[in-house]
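S.K.: Provide a 3D model corresponding to the input given below.
(2 chains)
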Protein chains: 2
Amino acid sequence: MFGFKKRWNPLLKHCFVTGGSSGAGLGVAKVLAQNGAHVSIVARDPAKLQRALEVLETVRHNPKQVFRAYSFAVNTEQGSAAAIKAASEPFDGRCPDAFFMCAGASRPGFFVEQTEESLRAGMEMTFYAQAFTALAATKAMVQQGIKGKVVFCASILGYFSMVGYSTYSPGKFALRGLAETLHSEFMLYGIDVHIAFPGTIHSPGLEEENMCKPKITLKIEETDEGATPDVVAKAILDGVRSGKFHINVDFLGDVFRASTAGATERNSYALDWVYALIGYIGLPIWRKSVNAQVLKHRDEHEGYLRERGLRP
Amino acid sequence: MFGFKKRWNPLLKHCFVTGGSSGAGLGVAKVLAQNGAHVSIVARDPAKLQRALEVLETVRHNPKQVFRAYSFAVNTEQGSAAAIKAASEPFDGRCPDAFFMCAGASRPGFFVEQTEESLRAGMEMTFYAQAFTALAATKAMVQQGIKGKVVFCASILGYFSMVGYSTYSPGKFALRGLAETLHSEFMLYGIDVHIAFPGTIHSPGLEEENMCKPKITLKIEETDEGATPDVVAKAILDGVRSGKFHINVDFLGDVFRASTAGATERNSYALDWVYALIGYIGLPIWRKSVNAQVLKHRDEHEGYLRERGLRP
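M.R.: This next block holds a predicted model:
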């Protein structure tokens, strides 16, 4: 800010974005393109990738920028490594400078209705959808001696949780744990680690998620306004530019960050104190109101359980 | 404390303990036996289970207590459900009153040396080793209308992380996320959720863990004294008795808990304020000293990477 810390500039840096064909991932790809970066987007659906590439062209910053799309499933190390290798080819095999891991999805529901398969699928869609890209990216950067960036996209549900999110919060908490390990470990390489904690994002993913979300969870979230993918993406790039480890999109994110910081690197020692104080007083009050809503839902839930044969 | 909250008494309650044949799990089984509970221990190795049963006999509190051992792998829902079904048989099919999930292990290492297999194995040993028991237990309790207890055993590395723990901290963070979801959701059933965050435990598991632990991680942990399984187990039972959601074993655990609480239920609104203040000031200082140790290790690590062909 005052010249003490050089801000990162994406201009003609090669940025690799998973989940880059829609939602927050496409938002991140767009804001990187607007700011002059080379952008490689990765997702599964070739048709969506093609449409996303056309969107990137509309916000092109300069004629040197390379925009490419790659169809890979990144929730295996092999898939992630193959995507990184393919994306490195137009750059003479040099691996990307920054990895934005925006792949993921959420399928909420009551825990009692989950199965081994659905819990495992939840972990695939949250943690593994990003962890293996980080692993393949790390190996490539260490091998090539590139002091790049690894940017995870968690969720505000990586700071707290509530009814309905047993298939989602564990994986988002796990991403926080992984990012915190790597933030310490990557000092050995000079690789930067960032992790974003956006709240509700208005995206095609949210519509699918809400179709299976318990009524009580939808009710608790009623007052949540959410943000567009573009707003979230801009906050993520701002956070990466200014070197923040934990990146938040809104006031509530900052309150949760400061209130759960522990030994995590602070963004601002002075301002975080204010956020932490607000959280210390405000979050238990908020939690009480959520608890009251859950308790009020008990009778309706009894009927729900009996209908489904989960109670005799 | 002043009669406002009834303390839980394990006397002749049926307690189900996974990882119950050694380490913290055996410690928990012992302290439950000492306090008059029926105890079912579950682990894989029949010989170890037999020895553990003999230990339980030495601390028997009353002649009515039933001690049984069951050999099952609990890191699948099917395995956990079968173990619970077997343990319910001596009680006319009634499922246990309290589930203590102490199964788990740690295999630390540098992230750059991990593979898809080792990251997945880490999640099995940390998160899945407890999550599927919780799932099978929940279904049994909801089906039978039992207002029981679910007790997870995370680690202080579920509050923070550092170099070497990329296969461990994510799963322990994930357990925190799962427990936080269920703490909210199980208000629908009157089932209590607890989660313990012990530090280093002197157990056979620690010796195996230290064999693959990076030198830098061992060095940072040099000043950590650790606790015996019996001390940890006593703290866990005390926490469950007094109805604490997050259970800590030592002062550092309380500091981390209060400093990362966010919207998590507090143990004491007044005392937690003091712990949080200590953490707000002390933990960044501790983190700086860890960072300095990691940075000092850079040259040695360069040699390590080259030896293993991870750097050209």
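
S.K.: CA only for contacts and neighbour counts going forward, please
M.R.: OK.

S.K.: ok, whichever residue of the stretch 1-150 of chain A sits closest to chain B - contacts?
M.R.: Nearest residue of the stretch 1-150 of chain A to chain B: residue A:143, at 4.8 Å (CA to the nearest CA). Residue A:143 sits next to B:310-312 when contact means CA atoms under 8 Å, 6 or more residues apart in numbering or on different chains.

S.K.: swap the cut-off to 6 Å and go again
M.R.: Residue A:143 sits next to B:310-311 when contact means CA atoms under 6 Å, 6 or more residues apart in numbering or on different chains.

S.K.: how far away is it from residue A:188?
M.R.: Residue A:143 sits 13 Å away from residue A:188 when distances are taken as CA to CA, to the nearest Å.

S.K.: repeat for residue A:279
M.R.: Remark: distance between residue A:279 and residue A:188 (CA to CA) = 34 Å.

S.K.: please apply the same query to residue A:64.
M.R.: From residue A:64 over to residue A:188 the distance is 33 Å, taken as CA to CA.

S.K.: now residue A:35
M.R.: Taken as CA to CA, the span from residue A:35 to residue A:188 is 29 Å.

S.K.: in a helix, residue A:129, correct?
M.R.: Yes - counting by DSSP: H, G, I helix; E, B strand; the rest coil, residue A:129 is part of a helix.

S.K.: helix, strand, or coil at the closest residue to it other than its chain neighbours?
M.R.: Distances taken as CA to CA, 6 or more residues apart in numbering or on different chains place residue A:75 nearest to residue A:129, at 4.4 Å, with adjacent residues excluded. Of the three states, residue A:75 takes coil under three-state DSSP.

S.K.: which residues touch the residue found closest to residue A:59 once you drop the neighbours it is linked to in the chain?
M.R.: Sequence neighbours aside, residue A:34 is the residue nearest to residue A:59 in space, at 5.3 Å (criterion: CA to CA, 6+ apart). Counting by CA under 6 Å, 6+ apart, residue A:34 makes contact with A:59-61.

S.K.: any of these buried? List them.
M.R.: Buried residues within the contacts of residue A:34, counting neighbours by 16 or more other CA atoms under 10 Å in any protein chain shown: A:60-61.

S.K.: could you look up the SS state of residue A:195?
M.R.: Going by three-state DSSP: residue A:195 is strand.

S.K.: now do it, the pLDDT please.
M.R.: If you check residue A:195, the pLDDT there is 98.

S.K.: residue A:186 versus that one, what's the distance?
M.R.: According to CA to CA, residue A:195 and residue A:186 sit 14 Å apart.

S.K.: give me the common contacts of these two.
M.R.: Shared contacts of residue A:195 and residue A:186, defined by CA under 6 Å, 6+ apart, are absent.

S.K.: when residue A:64 and residue A:188 are compared, which one has more neighbours?
M.R.: Higher neighbour count among residue A:64 and residue A:188: residue A:188, with 20 against 11, using other CA atoms under 10 Å in any protein chain shown.

S.K.: got the residues of the stretch 1-150 of chain A near chain B?
M.R.: Within the stretch 1-150 of chain A, the positions adjacent to chain B are A:77, A:112, A:116, A:139, A:143 by CA under 6 Å from any CA of the partner chain.

S.K.: and if we set it to 8 Å?
M.R.: Residues of the stretch 1-150 of chain A lying close to chain B by CA under 8 Å from any CA of the partner chain are A:76-77, A:110-112, A:114-116, A:132, A:135, A:138-139, A:142-145.

S.K.: can you say which of the residues you listed are buried?
M.R.: By neighbour count, with 16+ other CA under 10 Å, these hold A:76-77, A:110-112, A:114-116, A:132, A:135, A:138-139, A:142-143 as buried.

S.K.: inside helices: which ones of these?
M.R.: If you go by DSSP state H, these have A:77, A:116, A:132, A:135, A:138-139, A:142-143 in helices.

S.K.: tell me which two in the residues you listed are the farthest apart.
M.R.: A:116 and A:143 (37.0 Å; CA to CA).

S.K.: quick check: phi and psi at whatever residue of the stretch 201-312 of chain A ends up closest to chain B.
M.R.: When distances are taken as CA to the nearest CA, the stretch 201-312 of chain A reaches nearest to chain B at residue A:260, 3.4 Å away. Main-chain torsions, residue A:260, degrees, to the nearest 10: phi -130, psi 20.

S.K.: so it is in contact with residue B:261, correct?
M.R.: Yes - the criterion here is CA atoms under 8 Å, and residue A:260 meets it with residue B:261 at 5.5 Å.

S.K.: extract the CA atoms of stretch A:151-163 and return them as PDB.
M.R.: Extracted in PDB, the C-alpha atoms of stretch A:151-163 (Å, rounded to 0.1, in the frame of the first residue of the first chain):
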ATOM      1  CA  VAL A 151      -5.400 -19.900  -4.900                       C
ATOM      2  CA  PHE A 152      -8.100 -22.100  -3.300                       C
ATOM      3  CA  CYS A 153     -11.800 -21.300  -3.300                       C
ATOM      4  CA  ALA A 154     -13.400 -22.400  -0.100                       C
ATOM      5  CA  SER A 155     -16.700 -20.900   1.200                       C
ATOM      6  CA  ILE A 156     -17.800 -19.000   4.300                       C
ATOM      7  CA  LEU A 157     -19.000 -22.500   5.200                       C
ATOM      8  CA  GLY A 158     -15.300 -23.300   5.800                       C
ATOM      9  CA  TYR A 159     -15.500 -21.000   8.800                       C
ATOM     10  CA  PHE A 160     -18.700 -22.300  10.400                       C
ATOM     11  CA  SER A 161     -21.500 -24.700   9.600                       C
ATOM     12  CA  MET A 162     -25.100 -25.500  10.300                       C
ATOM     13  CA  VAL A 163     -27.900 -27.900   9.600                       C
END
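
S.K.: now it: how far from the chain's centre is it?
M.R.: Stretch A:151-163 sits 8 Å away from the centroid of its parent chain (CA atoms, centre = their mean, to the nearest Å).

S.K.: with stretch A:37-56 instead?
M.R.: Centroid separation for stretch A:37-56 versus its chain: 18 Å, with CA atoms, centre = their mean.

S.K.: can you check stretch A:188-201 too?
M.R.: Using CA atoms, centre = their mean, the offset of stretch A:188-201 from its chain centre is 8 Å.

S.K.: and the closest residue to residue A:195 other than its chain neighbours, how many residues sit next to it?
M.R.: In space, not counting the residues next to it along the chain, residue A:195 is nearest to residue A:152; the distance is 4.5 Å by CA to CA, 6+ apart. By other CA under 10 Å, the residues close to residue A:152 number 29.

S.K.: what's the answer for the one 10 residues further on, then?
M.R.: Neighbours of residue A:162 under the rule other CA under 10 Å: 26.

S.K.: helix, strand or coil for it?
M.R.: What three-state DSSP gives for residue A:162 is coil.
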